[in-house]
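Enquirer: give me the fold of what follows.
(one chain, ligands or ions: 2)
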Amino acid sequence: MSEQPIYVVGAGAWGSALAHTLGLAGRKVMLCGRDEVAIRTINEERRNPHYLKMVEMDAHVTAQLGYAGIEKAQAILLVVPAQASRAVLTEIGAERLAGKSIVLCAKGLEKDTLKRQSEILAEASPKAHAFVLSGPSFAVDVAQGKPTAVTLAGESIEAARKIVDLLAGPTFRPYSSDDIVGVELAGALKNIYALACGAVDGAELGLSARSSIMARAFAEMGPLVEAMGGAKESLNSLAGLGDLTLSCTARESRNFDFGYRLGAGESVAQIVDSGAKLAEGVHSSPVGLALADKYQVDAPIIKAVNALLAGQAPIEGLVAQLMARPLRSE
Ligand SMILES: NC(=O)C1=CN([C@@H]2O[C@H](COP(=O)(O)OP(=O)(O)OC[C@H]3O[C@@H](n4cnc5c(N)ncnc54)[C@H](OP(=O)(O)O)[C@@H]3O)[C@@H](O)[C@H]2O)C=CC1
Ligand SMILES: O=C(CO)COP(=O)(O)O
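Expert: Ligands and ions are numbered 1, 2, ... in the order given. Below is the predicted model of the structure:
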């Protein structure tokens, strides 16, 4: 029997980049999208007309509308925005996902429910096996074959290693972890902090201020991760420190860019109305704050980002408030 394809659900920037890199590694891939023109163009012209247009999609990748045949997938990568995951999993259906390895690639927390991606999967298909892919990885870099290392978490190291072997390629190197909670929180929270660091840059508060926010963000994450059942040590990883560093320093990060524009004086509405790309942190910020409240963890930077998004204060005022907090040891 010929090799069953890996299904990649979501033909946006990250889904297309992952499909292409898996194809380059010799894997058979089915890329599932919802846009007819994109599907046709990928199959006929080997490029996604909406995302990463410069990339010639590897010949191992086929695209299709919807999820036909997904029950036979070797593994499934879920690569839609965090707020869309539940609807997509529900549409695919619990039965077709049962017993399958599902690699959750979104870096976000669900609004209203405060759920992580693996919790959403457990509700949508209790018999599916959750894995989490996270770490410093811009789609454009991965798609262009630039060297990238990421974290792949599963219920156990042994389980994670099987998926690592399936996804690894010459330029894409996953490291295994058994801390699903820590890894998915790291990915979601770094987007909130990227908004803060972007705003600091946009307001020209200086590189020293930006690094201070990054370091304090790293310290802020630990107690929340631990309170929610993850391991603080998981933050010393590609998914933790690695992604925080990338997203908090690069204008290529959509979250950083969104924050930058806020810091430079635009409002959330202006940025959204201008057709800004997906910035997961905008949706995850209120969830992060609610979780910090729920677990009684001090999270002044997440609080500040929420105030910034709500238009309650400019970043300059919020940083001044952070500077006025009681002095203490690190
Ligand atoms: N881009 C990156 O560098 C990285 C992104 N990620 C994470 O991956 C996730 C996806 O990001 P990314 O691919 O960049 O985002 P994009 O905005 O580039 O793409 C999102 C894709 O999901 C599709 N989609 C949106 N809503 C639905 C829905 N309800 N049902 C079906 N499909 C839907 C979109 O379809 P349509 O085009 O038709 O709107 C689009 O193809 C995010 O959580 C992000 O944080 C993680 C690492 C790197
Ligand atoms: O997660 C990412 C890089 O690791 C992509 O970041 P943005 O979603 O901010 O562009």
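
Enquirer: how far off centre is the helix or strand of the chain with the lowest mean pLDDT?
Expert: None of the helices or strands of the chain scores lower by mean pLDDT, DSSP states H and E than helix 315-323, at a mean of 91. Distance, stretch centre to chain centre, for helix 315-323: 27 Å (CA atoms, centre = their mean, to the nearest Å).

Enquirer: for it, C-alpha coordinates in CSV please.
Expert: Taking Å, rounded to 0.1, in the frame of the first residue of the first chain, the C-alpha atoms of helix 315-323 are listed here in CSV:
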residue,chain,number,x,y,z
ILE,A,315,2.3,52.5,26.0
GLU,A,316,4.3,55.4,27.5
GLY,A,317,1.9,55.6,30.5
LEU,A,318,1.8,51.9,30.9
VAL,A,319,5.6,51.5,30.9
ALA,A,320,5.7,54.4,33.4
GLN,A,321,3.3,52.4,35.6
LEU,A,322,5.5,49.3,35.3
MET,A,323,8.5,51.4,36.3
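
Enquirer: count the neighbours of residue 56 for me.
Expert: 10 (other CB atoms under 10 Å). Every residue, glycine included, has its C-beta placed from N, CA and C.

Enquirer: show me what contacts it?
Expert: 46, 47 (CB atoms under 8 Å, 6 or more residues apart in numbering).

Enquirer: got the confidence number for it?
Expert: pLDDT recorded at residue 56 is 98.

Enquirer: before we move on, what about residue 274?
Expert: At residue 274, pLDDT is 97.

Enquirer: how close does it get to residue 266?
Expert: According to CB to CB, to the nearest Å, residue 274 and residue 266 sit 8 Å apart.

Enquirer: neighbour count: these two, which is higher?
Expert: Neighbours per residue, other CB under 10 Å: of residue 274 and residue 266, the larger number sits with residue 266, 17 against 9.

Enquirer: hang on, that one is in a helix, isn't it?
Expert: No - counting by DSSP: H, G, I helix; E, B strand; the rest coil, one finds residue 266 to be coil, located in no helix.

Enquirer: and the residue in the stretch 151-300 of the chain positioned nearest to ligand 1, what pLDDT?
Expert: Nearest to ligand 1 in the stretch 151-300 of the chain, going by CB to the nearest ligand atom, is residue 278, at a distance of 4.0 Å. We have a pLDDT of 91 for residue 278.

Enquirer: list the residues that contact it.
Expert: 12, 81, 254.

Enquirer: for residue 42, same thing?
Expert: Neighbouring residues of residue 42 by CB under 8 Å, 6+ apart: 11, 16, 31, 33, 48, 57, 61, 63.

Enquirer: give me the buried subset of those residues.
Expert: Neighbour-count burial (16 or more other CB atoms under 10 Å) is assigned, among the contacts of residue 42, to 11, 16, 31, 33, 48, 57, 61, 63.

Enquirer: skip the chain neighbours and tell me the closest residue to the first one.
Expert: Nearest residue to residue 11, sequence neighbours excluded (CB to CB, 6 or more residues apart in numbering): residue 33, at 3.1 Å.

Enquirer: what is the burial count for residue 90?
Expert: Residue 90 has 13 nearby residues by other CB under 10 Å.

Enquirer: residue 91 now?
Expert: Residues near residue 91, counting by other CB under 10 Å, number 12.

Enquirer: out of the contacts of residue 278, which touch ligand 1?
Expert: 12, 81 (CB under 6 Å from any ligand atom).

Enquirer: inside helices: which ones of the contacts of residue 278?
Expert: Using DSSP state H, residue 254 are the members of these that sit in helices.

Enquirer: let me have the contacts of residue 278 in JSON lines, extended by neighbour count.
Expert: As requested, these are arranged in JSON lines below (neighbours: other CB atoms under 10 Å):
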{"residue": "12", "neighbour count": "20"}
{"residue": "81", "neighbour count": "16"}
{"residue": "254", "neighbour count": "21"}
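
Enquirer: hey, what's residue 65 bridged with?
Expert: Residue 65 has these beta-bridge partners by DSSP bridges: residue 33.

Enquirer: please name the nearest non-neighbouring residue to the closest residue to ligand 1 within the chain.
Expert: Proximity to ligand 1, evaluated over the chain using CB to the nearest ligand atom, is greatest for residue 12 at 1.7 Å. Nearest non-adjacent residue to residue 12, counting by CB to CB, 6+ apart: residue 51, 5.5 Å away.

Enquirer: which ones among the buried ones among the contacts of residue 42 lie within strands?
Expert: 31, 33, 61, 63 (DSSP state E).

Enquirer: so how far is stretch 178-198 off the chain centroid?
Expert: A distance of 8 Å separates the centroid of the chain from that of stretch 178-198, by CA atoms, centre = their mean.

Enquirer: so residue 199 touches residue 308, yeah?
Expert: Yes - with contact defined as CB atoms under 8 Å, residue 199 reaches residue 308; the gap is 6.0 Å.
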